[in-house]
Structures are given as C-alpha cells and as structure tokens.
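S.K.: How does the following fold in three dimensions:
(one chain, ligands or ions: 1)
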Amino acid sequence: MAATETAAMGSATAQPGWSSRTAFVLAAIGAAVGLGNVWRFPTLAGESGGGAFVIFYVACVVLIGLPLILSEVMIGRAGNTDAVGSIRKISELSGSNPRWKYFGVIGVVAAFLILSFYSVVAGWVVYYIGVMGADLVANLGNGDLFGGALQAETTAQVQGRMGALFENVELLITMHLIFMGITLWVVSRGVTEGIEKAATYLMPTFFVLLIGITIYGGIVGDMGEALRFMFSPDFSKLTPQVMNTALGQAFFSLSLGVAGLITYGSYVSRDTPLGTTSGMIAFADTAVALIAGLMIFPIVFAVGLDPAAGPTLVFQSLPIAFQQMPAGSVVGFLFFVLIFFAALTSSISLLEVPTAWGIGEMGWSRRTSSLVFGGGAFVVGIACLLSLNVWSDFKPLAFWPIFEDLAIMDALDGFTGKVMLPLGALLTSIFVGWIADRKLVRAESGLGSSMFGVWRFLIAWLCPIAVTLILVFGLFPGLIG
Ligand code: TRP
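M.R.: The predicted model follows:
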C-alpha cells in the first residue's frame with residue numbers, strides 16, 4: 001500500500017507492533033485456539049448430537065466468521081490504537097457518528113467478563129496438571145511408564161475428583177489465581193516481550209502435542225466411532241437453539257465479537273496481507289477444533305463413556321479413560337498440558353483487550369492497566385467459582401427463560417456467548433459493511449476486486465441477516481413454536 005494512504009490513516013503513531021508476520025499469525029492463532037476448541041467444541045458437539053452441529057459450525061466459520069476476522073483485523077490496523085479508539089478514528093475518517101465507538105466498549109466489557117470465567121476453567125486444568133503430574137512422577141519412580149493413570153484410585157474416586165474440587169473453594173481460588181497470575185505476567189510484559197514470545201513458544205508445542213495425542217487416540221481408541229459421531233449428520237437435530245449455539249461457538253472460538261482481533265490487528269504492520277492471514281487464522285482454528293474432537297472422542301468411545309457428558313467431558317470422563325488406557329499416565333499429563341497452553345495464549349488475548357483500552361483511552365501504563373483488569377477479572381472469577389458450590393442456587397438471569405436455570409458462571413458464559421458476541425459481531429458487520437467509508441475499507445482490506453465483491457456481500461448482507469435471525473430465534477425460541 002502507498003505510503004500516502006498509510007499516513008492518511010494515521011498509522012505513524014508510536015504503537016507497539018508484532019516483530020514479524022509470523023509472530024502475528026501465531027499470536028492470533030493462539031488467541032483463537034483455546035478452551036473453546038479443546039473443551040467447549042467437543043462438549044457442544046457431543047451435547048448437540050455430533051454431525052449436523054459440526055457441519056453447521058463449519059459453515060458459520062467460513063461464511064460469517066472469516067469475513068468478520070478480516071473486518072476486525074482491518075479496523076484495528078486502520079485505527080492503530082485500542083478497539084474503542086480505532087472505531088472512533090474510522091468513524092471520524094468516514095464522517096459517521098462517533099457513537100459507533102460504543103460497540104467497542106461492549107467488546108471490552110465482554111472480553112473482561114469472558115476472561116473471568118475462562119480463568120476459573122483454566123484453573124481446573126492447572127489442578128489436573130498437578131494431579132496427573134504427581135501421578136506421572138510416581139509412576140516414573142516405579143519405572144512404570146506405560147501404565148494407566150491414577151492406578152491407586154478406583155474409577156469412582158477418579159470421577160469424584162471433579163466434584164471434590166468444586167466443593168473446595170480455597171483450591172479453586174488458588175488454581176484460578178495461579179492461572180490469572182501467569183496471564184497477567186505475560187500481558188504486563190508487553191506485545192513483543194510478552195504476548196508474542198508466549199505464542200511463539202507455546203503454539204508449536206501445542207500442535208506437536210495435539211497431533212501426537214490424536215495419533216495415540218487413533219491407535220488405542222475407537223477412531224471409527226468418533227468419525228461417525230462427528231461427521232454423519234442427523235439434520236433433525238439442527239434446531240434453532242443448536243444453530244444459535246453453533247454460531248455463538250464459532251464466534252467464541254475465533255475470538256470474534258469482543259474486539260479481540262481489533263486489538264491484535266492494531267499491532268499489525270502495513271505490509272501484512274490481511275486476506276490470506278485471516279484465512280490462515282480461520283483454517284487453523286477450525287482444524288484444531290475438529291482434530292480436538294478426533295483426539296477426544298476415540299478415547300471416550302473406547303471406554304464406553306457418554307459423548308454428551310457436557311462440560312465435565314474433558315475433566316471427568318477423560319481421566320477415567322486415561323486410567324484404563326495404556327500409557328494413560330504420560331498421555332493424560334500431556335493432554336492437560338496441551339489444554340493449558342491453548343488456554344493461556346487465549347486468556348492473554350482476552351486480557352489484552354481491556355488492557356489496551358486502559359492504555360489508549362485512560363492513558364494508563366501497561367502495568368497499571370493489566371493489573372486493574374487482571375485483578376478485576378480475578379475478583380469476578382471468584383463469584384463464578386462460588387456459583388459452583390455455595391452460590392449454586394443463585395440464578396442471576398432467572399427472569400430470562402433461556403438462562404433461567406443458570407448459576408453465575410454458566411449465566412456469564414451463556415450471556416456473553418449468546419448475546420454479547422453475536423451483538424458485537426452484528427455491529428462489526430454493519431459498521432464495516434455500511435458505516436465505514438467504502439474506499440477506506442476497500443484499500444485497507446487489500447483484496448482484489450472479485451474477492452472484495454464476495455467479501456463485501458458476506459459482510460454487508462449475509463452476516464447481519466444471518467446473525468440477526470439466529471440471535472432472534474435462538475434467544476426467543478417461542479417465536480417459532
Ligand atoms: N477463542 C478462545 C477459545 O476458543 C477464547 C477467546 C480468546 C475469546 N479471546 C477471545 C473469545 C475473544 C471471545 C473473544 O478458547
């Protein structure tokens with residue numbers, strides 16, 4: 001792109017930046033690949049009956065997610081500052097209402113809320129790393145490398161561990177604190193020294209573990225059953241509720257709708273081709289979700305467990321499986337390390353959104369800003385983890401039928417995933433498709449004319465219509481009887 005255009009968009013300000021294109025791609029894939037892929041996706045696919053959900057999910061990623069990734073990264077790069085400031089800047093350049101910046105604010109709030117419960121769940125992962133790690137060390141001491149995990153316990157004891165953890169408030173808080181502490185430490189070190197370094201070490205290791213454990217599952221587990229479960233569709237299961245869940249999951253997994261990629265996009269250099277890069281992010285994230293399913297379900301089916309176990313699938317069912325499987329001790333430990341790496345690179349991106357906002361809009365230092373929001377999310381997270389036990393009867397959204405049975409943690413998950421992310425995504429598509437100056441959008445996208453036409457159709461027409469429909473029917477299932 002010509003230097004004059006760069007200057008016109010005000011990119012000359014001193015904003016930190018990724019040190020290379022690879023660094024950005026890894027950080028963005030790290031943000032996308034997380035608990036959403038290895039925990040939420042298999043859980044939802046299992047609960048929603050497999051095949052039809054998976055196919056609809058992939059369609060959402062390609063037709064709605066991918067155009068939105070490009071849109072968010074573009075807003076960030078053109079604005080070259082935090083999400084709210086970037087949207088404001090583009091509104092100004094486009095001569096439109098500066099109040100559009102408030103959709104950035106929704107995003108900042110959503111990222112903060114997601115971080116709070118995300119860290120609690122990641123805390124469970126830390127706990128299981130401890131449990132499986134101690135078991136592994138003991139087995140290594142015995143020279144028993146190929147044995148199952150947790151041999152000293154009965155199946156009922158292994159299964160009971162999760163319930164026991166949920167009862168133990170101090171332990172939950174400690175694990176949540178450890179995870180949030182590490183996230184905070186990385187983010188406070190900055191874009192190149194913290195975020196980028198974490199991604200460049202953790203993501204390649206993650207991929208090696210993912211492939212390794214999937215191959216293991218294929219050898220000792222029931223891959224045929226897993227493939228059937230994930231890919232043979234029963235479209236009668238595709239209710240509006242399931243579609244809403246799938247679309248929400250696509251947003252969550254791709255880190256869309258809460259300004260995450262606007263924030264990361266603001267650190268992207270002008271010579272990065274955004275179209276290809278967005279495609280790589282969408283592809284990698286979806287591949288990891290599908291592979292994670294093919295890593296988990298063969299193991300689940302091999303020992304006859306229920307694929308629709310829900311959120312406990314990974315934490316309760318899999319340890320039972322690892323107890324019974326060869327080398328379960330080693331693989332079980334590595335499995336939780338894998339989830340931990342995925343979760344960490346994502347929580348980093350979640351904390352970076354409000355942190356960048358504090359730096360850009362409040363003029364705080366990175367240290368102060370990350371501490372304020374990391375500390376705040378830690379506190380909100382405590383309310384979430386209390387809802388697993390002492391506050392389990394408190395249903396904050398009881399007035400809203402689809403959320404009425406949910407305690408704080410599930411209510412936050414449901415509300416951010418089903419309301420805030422789709423709303424953020426809807427506003428992003430309207431903003432990029434209709435509000436922002438067409439020439440600016442076109443130049444910033446870097447797309448050739450036919451690709452631009454396709455993309456513009458998807459972002460200006462398909463995204464807003466599909467997201468609105470799914471939002472309305474998903475949130476008010478009564479409308480279609
Ligand atoms: N995408 C991550 C996952 O799949 C979670 C996440 C990270 C996220 N950053 C986000 C979700 C921003 C929404 C918005 O686990």
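S.K.: ok now do the nearest residue to Ala460 once chain neighbours are set aside, which residues does it touch?
M.R.: Distances taken as Cβ to Cβ, 6 or more residues apart in numbering put Gly433 closest to Ala460, at 3.1 Å, once the chain neighbours are dropped. No exception for glycine: its C-beta is placed from N, CA and C like everyone else's. With contacts defined as Cβ atoms under 8 Å, 6 or more residues apart in numbering, the neighbours of Gly433 are Arg456, Ile459, Ala460, Trp461, Cys463, Pro464.
S.K.: How about the contacts made by Ile339?
M.R.: Contacts of Ile339 by Cβ under 8 Å, 6+ apart are Leu35, Val38, Trp39, Val125, Val314.
S.K.: Please name the nearest non-neighbouring residue to the third one.
M.R.: Think Trp39. Nearest in space to Trp39, with sequence neighbours left out and distances taken as Cβ to Cβ, 6+ apart, is Val314 at 5.0 Å.
S.K.: give me the number of residues near that neighbour?
M.R.: Val314 sits with 25 neighbouring residues when counted by other Cβ atoms under 10 Å.
S.K.: Is it correct that Ser232 is in contact with Ala52?
M.R.: No - between Ser232 and Ala52 there is no contact under Cβ atoms under 8 Å: 9.1 Å.
S.K.: If you count surrounding residues, which of the two has more?
M.R.: Ranked by neighbour count (other Cβ under 10 Å), Ser232 and Ala52 place Ala52 first, with 21 against 12.
S.K.: is any part of the strand or helix carrying Ile173 close to the ligand?
M.R.: Here Ile173, judged by DSSP states H and E, is contained in helix 169-188. No - in terms of Cβ under 6 Å from any ligand atom, no part of helix 169-188 sits within range of the ligand; the closest distance is 11.1 Å.
S.K.: following that helix, which helix or strand comes up?
M.R.: Downstream of helix 169-188, the next assigned helix or strand under DSSP H and E is helix 197-220.
S.K.: Do any residues in that next one lie close to the ligand?
M.R.: No - shown here: helix 197-220 not in contact with the ligand (Cβ under 6 Å from any ligand atom), separated by at least 12.2 Å.
S.K.: what's the average pLDDT for that helix?
M.R.: Per-residue pLDDT values over helix 197-220 give a mean of 95.
S.K.: got the buried residues for it?
M.R.: Of all the residues in helix 197-220, those buried under the rule 16 or more other Cβ atoms under 10 Å are 197-200, 202-203, 206-207, 209-210, 213-214, 216-218, 220.
S.K.: now for that helix, which elements pack on it?
M.R.: Helix 197-220 sits against helix 21-32, helix 274-302, helix 328-362, with contacts defined as 3 or more Cβ pairs under 8 Å, 6 or more residues apart in numbering; DSSP states H and E.
S.K.: Can you lay out those as a markdown table showing distance to Ala134 and mean pLDDT?
M.R.: Formatted as a markdown table, the helices and strands packed on helix 197-220 follow (distance: least, Cβ to Cβ, whole Å; pLDDT from 0 to 100):
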| stretch | distance to Ala134 | mean pLDDT |
| --- | --- | --- |
| helix 21-32 | 28 | 96 |
| helix 274-302 | 21 | 95 |
| helix 328-362 | 9 | 97 |
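S.K.: looking at these, which is buried most?
M.R.: Highest mean neighbour count among the helices and strands packed on helix 197-220 (mean count of other Cβ atoms under 10 Å): helix 328-362, with a mean of 25.
S.K.: does the next helix or strand after that one come close to the ligand?
M.R.: Secondary structure here is assigned by DSSP H and E; on that basis, the next helix or strand after helix 328-362 toward the C-terminus is helix 366-386. No - against the ligand, helix 366-386 shows no contacts by Cβ under 6 Å from any ligand atom, the least distance being 12.5 Å.
S.K.: Show me what helix 366-386 is packed against.
M.R.: Contact analysis of helix 366-386 by 3+ Cβ pairs under 8 Å, 6+ apart lists helix 101-142, helix 169-188, helix 328-362, helix 408-415 as its packing neighbours.
S.K.: now the angle between helix 408-415 and the longest one, please.
M.R.: It stands for helix 101-142. 130 degrees (axes from the mean of the first three to the mean of the last three Cα atoms, to 10 degrees).
S.K.: So what does Lys395 have for phi and psi?
M.R.: phi -110, psi 90 (degrees, to the nearest 10).
S.K.: now it: how far from Gly414?
M.R.: Lys395 sits 11 Å away from Gly414, going by Cβ to Cβ, to the nearest Å.
S.K.: joint contacts of these two?
M.R.: With contacts taken as Cβ under 8 Å, 6+ apart, the residues that reach both Lys395 and Gly414 are Phe403, Leu406.
S.K.: Need phi/psi at the residue nearest to Ser346 when sequence neighbours are not counted.
M.R.: By the measure of Cβ to Cβ, 6+ apart, the closest residue to Ser346 outside its immediate chain neighbours is Gly34, 3.0 Å from it. Note on Gly34: backbone dihedrals following degrees, to the nearest 10 are phi -160, psi -150.
S.K.: how about stretch 169-178: buried residues?
M.R.: Taking 16+ other Cβ under 10 Å as the neighbour-count basis, stretch 169-178 is seen to contain the buried residues Leu171, Leu172, Ile173, Met175, His176, Leu177, Ile178.
S.K.: Please report how far the first one lies from the ligand.
M.R.: In this view, Leu171 and the ligand are 23 Å apart by Cβ to the nearest ligand atom, to the nearest Å.
S.K.: The second one too?
M.R.: Distance from Leu172 to the ligand, counting by Cβ to the nearest ligand atom: 20 Å.
S.K.: just the third one next, same as before
M.R.: Relative to the ligand, Ile173 is positioned 22 Å away (criterion: Cβ to the nearest ligand atom).
S.K.: That residue touches Leu386, doesn't it?
M.R.: No - in this structure, Ile173 is not within contact of Leu386 by Cβ under 8 Å, at 9.2 Å.
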